[in-house]
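> Give me coordinates for this.
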Amino acid sequence: MRLHRIVCCLLLSSLYIVGDAQLAAMTIDLGTQFLKIGIIKPGTPMDIVLNTESRRKTPNVVMIHDGHRSFADEAIGLQIRYPHLVHGQLNDLVAKSMEHPSFKLFKSRNTLYEINETPQNASSVSFMIGGETYNVEELTAMILANAKKFTAEYAQASDIKDVVITVPVYFTPVERLAVERAAQMAGFTVLQLINDGTAAALSHGIFRRKEITDKPQRLMVYDMGAAKTTVTIVEFKLVKEKYEKQPKMTVIGVGYDRTLGGIEMTNRLKEHLIEQFEKNYKPKTKVNTNKRAMAKFAKEAERLKQVLSANAEYFAQIESAHEDIDAKIRVYREDFNQLIADLEPRFGEPIEQALRMAQIPIEDVDQFVLMGAGTRVPKVQEVVQKSIGTKEIGRFLNTDEAVAMGALFQAAHLSKGFKVKAFNIEEKVIFPVEVHFVSAIKDEKSGEITGEKNVVKALFPANSLYPTSPKSISLTSYTGDFSIALKYGAIENLTKKQIQEIGTLLDNLIDVEISGLSEAMQNRSSEESEFKGVKVNFVLDASGIIRIRKADAIFETKSGIVGTIAGALSGLFSPTTEEGEPTTDDGAGTVTSEEKVEEKVEEKEPVQKENDRTPETPVNATSEESTKANGTDDSAGNKTEAKKKELPSIVRLRITNKYPSAYVPNRYDVEEGKKRLEVFAEKERLAAGRAAAENNLESYNFEVSQYLEESDFTDFLNDEEKTKLDEEVKRIRGWLEDDVTKDTPTQEFTDNHLGLKNIVRSVKKRQELEKVMPEKMTSLKTLLNTTFSLVKMETHLGEDKALFKKEDREELKGKLNKLKKWVENTQKHLSTKKKNDDFNITPKDIDSKIKYLNREVDRYMKKMKTITEIDELAKKVNTLVDEIGDIEAEKKKKAEEKKGKKSTEDVKNGKTAKKSEL
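Numbering: from 1, shown residues only. Purely as a prediction, here's the structure:
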């Protein structure tokens, strides 16, 4: 881990310090069972985030109970009590309906959840929780928002917006878009969705970039997680860029099994434990009739799977498993191997599929690495080793965190706050996409339209690479508003089983409605301009999501400079080019500052009714993607002008995307989801404040009760205060135990806490002053005595030798005597005051006297006589010092004589006393 951090610091060649919260970026390895979060911010190397429990991985679950949400380890801790309320394993349900195979598998594995059979949107999966309906995307957004919250706390940032999220390689574009929209509900700006296998391989590449050469190097990543198994083959090599050679990673083959993972093995162990329990202990009722018992067996099965990976046998133990029976069941690893024996052929199939797609033998793979908790099962390792032959299984990746770290490098690359060394990534298109539209059939001689035909054009072919450059199709058959469809092409790389698992998502991808053309045609006459057609622009971005960027109607003006520009654009609609043939944009046909683009943004959104979903426009749309309206700007009311306004040659048309076979939250769903999450967040903030107020009151009340047993505190209490404080402590304790309910407002806790503090405050003040006041008085007296000495020194000198005038000395002496009297009175008060009496002065009073004295001394020193001759000054000073020395010596001599005389008298008195005694 230390090596990773050092290398990351070297890779991050420059950091622009503007603000940690603004520039910080994070990644979420969105696993089925766990999340792994990465963070990078200025001054901090790439790091894995510790959650609120100080753990490096976070359970991917959410629980809603009585309007309160719990996440991660807190929710897992409550799963035994409320197994039907802790929702997890949601990743493979996004964008799907209840008829989808993924949901049917989920329902067979999780029988405790209450499903809403009649959701608001029939194409989504929704759960009934506490009488409310929550769809999968909303629950996913809650989990992501919680990750965002504790990451910001860990990074000590006010907020973090930018994120890269990992998804399985087999997610279709609509599934990816649904994940993106869920992240937007959570308040994120999604920089990219990256395939988890790609992120793991990238983590390997960035830490070994010096080893990458012109010769291709291939790495195979085998990842068996909780719910799925994926294999990714990537190729590293240097490629020539603009200025120098840069490393590039290309995904050349993938394979997967979306239902094979640790959960399948755990479920089989769970069923085995239940079978053995019912066989050995013979309970009166079946275990599956008890939700809590099922949760207990599932938890023990998960633990048992981990233990049997390292031990040949183990006793599974469940306290009060069912009907108050404590279960103890011996399970051997061989029993486990038999339970998963039918899965063995599936362990190696993703490897074979990835090799077929890459069109290489296993011998051409240079390195092989295992990832995921499922690969810790010995039988899995055994079968995989057979599949790769003599290839050695590598141990060079931190398999738990490699995905998050690879995605974190990509986040640093995409975030505006960091500059990292280039490492290009190319992904393979698994799901080919075609565009379907209707083309007019024209008579070759007359040019008249004689009919229509359905046309299909390949837009993003199978095995091509993405992200792609923008692609455009030119349509000349339409003169009014129209629709085109994006559908999947023939999928040759997937098995029949895999296609069945995708289900209805393959039926239709996007229905694209393009409007505004009819209005644009009405605003132009054939005399002024000629309609050349509509150009629709697409891109398959780095997230694997298809964006319809824009649709433009092109008109060729018959004169002027605009006509020249439009004429150049109209070349795209050459009769030699077949209608709808995709072309890659290379700058032609793009709008420049000289071109007039007719566009008007819609200012109002239609109100969405309860069961009426408004057609959506991508929420994360760029300026080209946003919903646009055509037509000229008639706000000035110039229709009656004599001179006709020059009309633009390019008209931006409206685009509305519909997803007929999937549920993708539109912009209204996203906004509603944000509001719903904010309501929860506000409730939780209030609840946290109330809980803190209650805890603070309870702990402070206990603390005060301890004070009442300590003499150091009670000595400073008078009888009235002691009685009142004792009664208040007892009252609050009884109130907390008997009267407080969940509806008790926060203010009551705060008021009681404040009342108790007010009583204690006066006592604490006495305790503090008892220590401080003597020290303050000592400082004042020392300064006062020193000042007196200064004045007395001058009184023994004549006026001609004194440095200060007599009237100045007398004035200062008077002030000193007055202050001395105040000190004596104060000292008398302090010496006679009892501990439980209040002080009649404060430390500030003494501080003000010290300041006053210093100020008077400074003023006095400024009144020193002015002496112009340095020699005279030195002479006077020396004389003054000598005379002061003589005075002090005389005093000392007299004191010694007096002392000697006294000693002689004492001796004489002693002798006289002895004589008397004799």
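> distance of K742 from R69?
16 Å (CB to CB, to the nearest Å). In this view, the C-beta of every residue, glycine as well, is placed from N, C-alpha and C.
> Show me which of those two is the more surrounded one.
R69 (20 against 8; other CB atoms under 10 Å).
> Quick one: residues contacting the more buried one.
Residues near R69 by CB atoms under 8 Å, 6 or more residues apart in numbering: V62, M63, M142, N146, F680, E684.
> what's the closest of the residues you listed to V791?
Of all those, V791 sits closest to E684, with 69.6 Å by CB to CB.
> The closest one: how many residues sit nearby?
Counted with other CB under 10 Å, E684 comes out at 15.
> Backbone dihedrals for it, please?
Note on E684: backbone dihedrals following degrees, to the nearest 10 are phi -70, psi -30.
> my read: it touches H68, true?
Yes - E684 lies in contact with H68 (CB atoms under 8 Å); the separation is 6.9 Å.
> Let me see the contact set for the residue nearest to the spatial centre of the chain.
In the chain, the centroid-proximal residue (CA atoms, centre = their mean) is K148; its distance is 2.2 Å. By CB under 8 Å, 6+ apart, the contact set of K148 is M26, D159, I160, V163, A186, G187, F188.
> Give the helix, strand or coil label for it.
The local conformation at K148, judged by DSSP: H, G, I helix; E, B strand; the rest coil, is helix.
> Same check on the one 3 residues further on?
Classification of T151 using three-state DSSP returns helix.
> pLDDT wise, what is it at?
T151 carries a pLDDT value of 95.
> Please determine how far it is located from S158.
Distance from T151 to S158, by CB to CB: 12 Å.
> Looking at those two, which has the bigger crowd around it?
The neighbour comparison of T151 against S158 (other CB under 10 Å) goes to T151, with 24 against 11.
> How about the contacts made by the more buried one?
M26, I37, I39, V49, I160.
> Who are the packing partners of the lengthiest helix in the chain?
In the chain, assigned by DSSP state H, the helix with the most residues is helix 746-795. When contacts are defined as 3 or more CB pairs under 8 Å, 6 or more residues apart in numbering; DSSP states H and E, helix 746-795 packs onto helix 667-707, helix 711-714, helix 719-734, helix 806-832, helix 843-862.
> for it, the distance to its chain's centre please.
Centroid separation between helix 746-795 and its chain, computed with CA atoms, centre = their mean, to the nearest Å, is 48 Å.
> Now do it against helix 806-832, angle only.
Counting by axes from the mean of the first three to the mean of the last three CA atoms, to 10 degrees, helix 746-795 points 140 degrees away from the direction of helix 806-832.
> what angle sits between helix 746-795 and helix 719-734?
150 degrees.
> for this protein, what are the low-confidence residue spans?
Within the chain, the stretches with pLDDT under 70 are 1-22, 119-123, 443-447, 558-577, 586-648, 794-801, 865-889, 891-892, 894-895, 897-918.
> 50 instead?
Applying pLDDT under 50 to the chain picks out residues 1-18, 587-644, 867-870, 907, 911-918.
> returning to what we had before: just the buried ones from the contacts of R69?
V62, M63, M142, N146 (16 or more other CB atoms under 10 Å).
> Greatest separation within those residues: which pair is it?
Once CB to CB is applied, these give M63 and N146 as the farthest pair, at 11.2 Å.
> Mind listing the shared neighbours of those two?
R69, F71.
> returning to that earlier point: so which of the buried ones among the contacts of R69 are in helices?
M142, N146.
> Any chance of the buried ones among the contacts of R69 in a markdown table with distance to T232 as columns?
Formatted as a markdown table, the buried ones among the contacts of R69 follow (distance: CB to CB, whole Å):
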| residue | distance to T232 |
| --- | --- |
| V62 | 29 |
| M63 | 34 |
| M142 | 30 |
| N146 | 29 |
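> Out of the buried ones among the contacts of R69, which comes closest to Y659?
Nearest to Y659 among the buried ones among the contacts of R69, with distances taken as CB to CB, is M142, at 22.7 Å.
> Figure out how far stretch 388-398 is from the centre of its chain.
Distance, centroid of stretch 388-398 to centroid of chain: 34 Å (CA atoms, centre = their mean).
> For it, buried residues please.
I388, K391, G394, L397, N398.
> For it, measure first residue to last.
End-to-end distance for stretch 388-398: 21 Å, by CA to CA, to the nearest Å.
> What lies in contact with that stretch?
Outside stretch 388-398, the residues that touch it by CB under 8 Å, 6+ apart are 1, 4, 200, 203-204, 220, 351, 362-363, 365, 367-371, 381, 384-385, 405.
> Could you dump the helices and strands packed on helix 746-795 into JSON lines with distance to K453 added?
Putting the helices and strands packed on helix 746-795 into JSON lines (distance: least, CB to CB, whole Å) gives the following:
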{"stretch": "helix 667-707", "distance to K453": "35"}
{"stretch": "helix 711-714", "distance to K453": "96"}
{"stretch": "helix 719-734", "distance to K453": "85"}
{"stretch": "helix 806-832", "distance to K453": "108"}
{"stretch": "helix 843-862", "distance to K453": "96"}
